[in-house]
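J.: no FASTA, just this:
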């Protein structure tokens, strides 16, 4: 049996004092593995005998205390799911970090305007719908802006769209009563492992598809006011690793005037920094590692990787590739920890993410460069071209200095005086007209989200295009050739080839358009339909329960409910064109509840002595009008 300190302990739901043995120590656990991924899941999986005194406790909400890694004494995991393995006669327990309870807390509206990480965390905490015993913390000094509306707290911190992780960056650390977004959680350069061959228990992949070892630079320089350009080619730039690979990976790379290219000399100067400053690491393969330490054999090669057992999440280290004699910097992205034996049993690692503009620069530049060759949008393209190519002065800043993660393109030499600023990092590109601290109201995120006040384009192709009009739930969607209006998640209108269609969620109400014929029995003197496609403006409801109403004052107007219609008002006047007499044709006429019978003293009515006419109709003129 393991020592006391290694044995997981179970606690009742809602317990906050984890210094005791709780409901008991899970001494018969046969497996307890904890998986934590970088800025991702943090979960526990345990096997326990099916029949035990703890069986009734293996339910949703009960908490398990266990050691999660070599650096922390314990963490608390809340049971979320269990199932019985009949083959081994055991219970398999799945639990999540108790910090997941932040996903139950909601914020209605939080606006973060040019705040650092700690201030943003505080705003979220202050606007939770209910208090939570998980406190929020950050040591990130970078200022940024975002807005959260109708979102849970975990999504605000680590979600994809507009989250703190997206705009502020950082590395998440979870503790029993605290969730932190840190500048740096891991350690730098904790060691070097030498890779020479594949081993049992080791899966290591090198991706060579994107490497470049020889850059052939060129640039398009504007040669006149009419927008024509001249292409120039610079000297080839070679990577220091060009001779280490079996082939030369050459690629033409275009540089632009906004990078400082004005002539051949400046092109060569900018291009010379390609591998050292602009795109460091682009001359090395991407690496991914999956290491199951217990499966390693007792060999010298295996010992190289066995020492990775002491690496922790977010630690960086070097993989030395013997064949090509290159060092590749790598980061630990996942840990599986044996909480019973107190040791790491599996590690995953991969490339350190480079800045967004480094990943997307070439594709983005190529897209921009083709704009001037399009025949549409010429005025807009000329405007943007003049705006970019007309830049004089300005400067570039990197922040923070000790470990820069963001580039700022300034319109002056100083951050104190700069107003027009572009910021680029691995989360996206932002634009500010109020200085380098923002707010960056126009931005393009790495997740593809574009926020802009004005977009000029030749064509936009999309299966679904959606925009929100306001904060009240009004949504406009373009779906498969139709334009839809939604309110509070309910479709209310749709513009189609039939016209304007009206909906109540999934229930169709009616249509206003020029298609269809709701009067198939109505024909002119020649027998032709009075109504046909394209020659009539029609307001048609689906059935008599879908009422059509016309009104300009409450309580008055015209209601159509199938065969029955209502005219609600005090006076009804019928005139012919230009004041001529109007003809009113009816089969039956009911006045004051009594039917009017045509002819002298017409019968059929009950008004004795009046010929069936109401008593108030007395003159012949009125009777035979």
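T.: The structure has been received and is ready for your questions. None of the values given here were measured: they were computed from a predicted structure. Residues are numbered from 1 along each chain as shown.
J.: the residue nearest to the spatial centre of the chain in helix, strand or coil?
T.: Of all residues in the chain, the one closest to the mean position by CA atoms, centre = their mean is residue 161, 3.9 Å from it. The three-state label given to residue 161 by DSSP: H, G, I helix; E, B strand; the rest coil is coil.
J.: now swap in residue 166 and tell me
T.: Taking three-state DSSP as the rule, one finds residue 166 in the helix state.
J.: can you get me a residue count around the residue nearest to it when sequence neighbours are not counted?
T.: Spatial nearest neighbour of residue 166, excluding adjacent residues (CB to CB, 6 or more residues apart in numbering): residue 427 at 5.2 Å. All C-beta atoms are positioned from the backbone trio N, CA, C, and that covers glycine. Residue 427 has 23 neighbours, counted by other CB atoms under 10 Å.
J.: does residue 427 touch residue 169 like I think?
T.: Yes: Residue 427 is in contact with residue 169 according to CB atoms under 8 Å; the separation is 6.3 Å.
J.: break down this protein into its helices, ranges please.
T.: Per DSSP state H, the chain carries helices over the ranges 117-126, 153-158, 164-168, 264-271, 300-306, 356-369, 378-389, 620-623.
J.: where among those is the average confidence lowest?
T.: Sorting the helices of the chain by mean pLDDT places helix 356-369 lowest, at a mean of 36.
J.: rewinding a little: and the residue nearest to residue 166, how far is that from residue 161?
T.: Distance, residue 427 to residue 161, using CB to CB, to the nearest Å: 12 Å.
J.: what touches both of these two?
T.: Common neighbours of residue 427 and residue 161 (criterion: CB atoms under 8 Å, 6 or more residues apart in numbering): residue 445.
J.: so residue 542 sits against residue 503, correct?
T.: No: contact criterion CB under 8 Å: residue 542 and residue 503 do not qualify, at 10.4 Å.
J.: between these two, which is the more surrounded one?
T.: Counted by other CB under 10 Å, residue 542 and residue 503 do not tie: residue 503 has more neighbours, with 17 against 13.
J.: so who does the more buried one touch?
T.: Residue 503 makes contact with 491, 492, 493, 494, 509 under the criterion CB under 8 Å, 6+ apart.
J.: the closest residue to the last one other than its chain neighbours: neighbour count?
T.: In space, residue 509 comes closest to residue 502 once its chain neighbours are excluded; the distance is 4.2 Å by CB to CB, 6+ apart. Close neighbours of residue 502, defined as other CB under 10 Å, add up to 19.
J.: show me what residue 502 is bridged to.
T.: Beta-bridge pairing for residue 502 (DSSP bridges): residue 493, residue 510.
J.: picking that back up, how about the contacts made by the residue nearest to residue 166?
T.: Residue 427 makes contacts with 166, 167, 169, 356, 445, 446, as judged by CB under 8 Å, 6+ apart.
J.: and what of residue 533?
T.: When contacts are counted by CB under 8 Å, 6+ apart, residue 533 touches 514, 515, 516, 517.
J.: the same query, at a cut-off of 6 Å, please.
T.: When contacts are counted by CB atoms under 6 Å, 6 or more residues apart in numbering, residue 533 touches residue 515.
J.: where does it fall, phi/psi-wise?
T.: The phi and psi values for residue 533, taken as degrees, to the nearest 10, are phi -60, psi 130.
J.: quick check: it vs residue 518, distance?
T.: To residue 518, residue 533 is 12 Å away according to CB to CB.
J.: again with residue 564
T.: To residue 518, residue 564 is 16 Å away according to CB to CB.
J.: then residue 593?
T.: Computed as CB to CB, the residue 593 to residue 518 distance reads 31 Å.
J.: between the two, which has more neighbouring residues?
T.: Neighbour count, other CB under 10 Å: between residue 593 and residue 518, residue 518 has more, with 12 against 7.
J.: please parse this structure into its domains.
T.: As given by automatic domain parsing, the domain ranges for the chain are 4-100, 105-182, 192-207+285-351, 214-278, 356-451, 464-541.
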